[in-house]
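Novice: Got a sequence here, can you build the structure:
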Amino acid sequence: MKKYTTFLSFLSLVALSLLLWQCNMGSADSVSPNQNGTGGSMARFAITGNTLYIVTRQSLDVYDITQPDAPTRQAKAELGLGIETIFPYRQNLFVGANDGMYIFNNQQPQAPTLLSKYTHVMSCDPVVVQNQYAYVTLRGGVGCRQWVNNSSLDVVDVSDPANPKLINSQPMQSPYGLGVDGDKLFVCEGISGLKVFDISDPTQPRLHHNYPEVASYDVIPRQNLLIVTGQNGLYQYRYGDNIAENSMELLSKIPVE
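Specialist: Coordinates of the predicted model:
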């Protein structure tokens, strides 16, 4: 567990580096107009323009970072216990919690407004979003879902953020973080490997390839590069544009002892 926590902390640092590095880069569809870069699905912070969002175990905290050396808190939304992750997409914030997914509108970045809460059974649930669909992994048999062994990958229609709807759910082994890029959905299964799903039909993820040798906990896909938090360190892979290419090339590895 200590090593796993170290991995996630290390990935957070890498994600922060990506956020800062991409401030002046061209935006992709998965990045909102004011969002600075891309973080992982298990991230606990996000940056939009001059606003920093941090999720604690029970709240969403909003900071003005116009002066980076002197951030000031602008708002705090109490959400109850079990808050886990945050994923910004376009003009919304998707906050994962043990018992559901909160959707905030952040058209006014320093005063986000709660639109809805999509409720599910108690679980650990990272979330990513592309176009009108959110992809959520629910992991059973862990601290936040001790008495439920079932795990799943859910597809939620968020075209109306005030009224999210479950579209599809399929069983998984033990999913952790996930990432989406075009017609590819990457799902980490811990020591069971990395799975790549074809989402040419975004409502029906279809398993395309399994990499059991890639023990993974979270991923950041970006412009054909995939950063993976693995069992023994941080990996960087290159993947093709076409899901049919079925190829991932290892570019580098940073060991974490």
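Novice: give the contact list for the residue positioned nearest the centre of the chain.
Specialist: Centre of the chain computed as the mean C-alpha position; nearest residue by C-alpha atoms, centre = their mean is Ser41, 1.4 Å away. Ser41 is in contact with 85, 87, 126-128, 177-179, 218-219, counting by C-beta atoms under 8 Å, 6 or more residues apart in numbering. In this view, the C-beta of every residue, glycine as well, is placed from N, C-alpha and C.
Novice: tell me the least confident of the residues you listed?
Specialist: The lowest pLDDT within those belongs to Pro126, which sits at 88.
Novice: Which of the contacts of Ser41 lies at the shortest distance from Gln67?
Specialist: Distance ranking of the contacts of Ser41 against Gln67, using C-beta to C-beta, places Phe87 first at 26.1 Å.
Novice: what about the closest residue to the closest one other than its chain neighbours, helix or strand, and which?
Specialist: Taking C-beta to C-beta, 6 or more residues apart in numbering, and ignoring the residues beside it in sequence, Phe87 has Phe94 as its nearest neighbour in space, at 4.6 Å. Per DSSP states H and E, Phe94 falls inside strand 92-97.
Novice: what's that strand packed up against?
Specialist: Applying 3 or more C-beta pairs under 8 Å, 6 or more residues apart in numbering; DSSP states H and E, one finds that strand 92-97 contacts strand 83-89, strand 100-105, strand 127-130.
Novice: For that strand, what is the distance to the chain centroid?
Specialist: Average the C-alpha atoms of strand 92-97, do the same for its chain, and the two points are 9 Å apart (C-alpha atoms, centre = their mean, to the nearest Å).
Novice: Next, the angle from that strand to strand 100-105.
Specialist: Between the direction of strand 92-97 and that of strand 100-105, the angle (axes from the mean of the first three to the mean of the last three C-alpha atoms, to 10 degrees) works out to 160 degrees.
Novice: so what strands line up beside strand 92-97?
Specialist: For strand 92-97, the pairing partners within the sheet under DSSP bridges are strand 83-89 (antiparallel), strand 100-105 (antiparallel).
Novice: Using CSV, write out every CA atom in it.
Specialist: As requested, C-alpha coordinates have been extracted for strand 92-97 and formatted as CSV (Å, rounded to 0.1, in the frame of the first residue of the first chain):
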residue,chain,number,x,y,z
ASN,A,92,-17.9,21.2,-16.2
LEU,A,93,-16.1,19.6,-13.2
PHE,A,94,-16.7,15.9,-12.6
VAL,A,95,-16.0,14.9,-9.0
GLY,A,96,-15.8,11.2,-8.1
ALA,A,97,-17.0,10.1,-4.7
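Novice: Dihedrals phi and psi, Ala244?
Specialist: The main-chain torsion angles of Ala244 are listed as degrees, to the nearest 10 and equal phi -70, psi -20.
Novice: now the strands for the stretch 101-250 of the chain?
Specialist: In the stretch 101-250 of the chain, the segments counted as strands under DSSP state E, counting those that start in this stretch are 113-119, 127-130, 133-138, 151-157, 165-172, 178-181, 184-188, 194-198, 206-211, 216-222, 225-230, 233-239, 248-255.
Novice: Please produce a markdown table containing those strands, extended by distance to Ala75 and mean neighbour count.
Specialist: Conversion of the strands of the stretch 101-250 of the chain to a markdown table gives the following (distance: least, C-beta to C-beta, whole Å; neighbours: other C-beta atoms under 10 Å):
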| stretch | distance to Ala75 | mean neighbour count |
| --- | --- | --- |
| strand 113-119 | 10 | 16 |
| strand 127-130 | 21 | 24 |
| strand 133-138 | 23 | 24 |
| strand 151-157 | 26 | 20 |
| strand 165-172 | 28 | 14 |
| strand 178-181 | 28 | 25 |
| strand 184-188 | 32 | 26 |
| strand 194-198 | 36 | 21 |
| strand 206-211 | 41 | 14 |
| strand 216-222 | 27 | 24 |
| strand 225-230 | 30 | 23 |
| strand 233-239 | 33 | 18 |
| strand 248-255 | 36 | 12 |
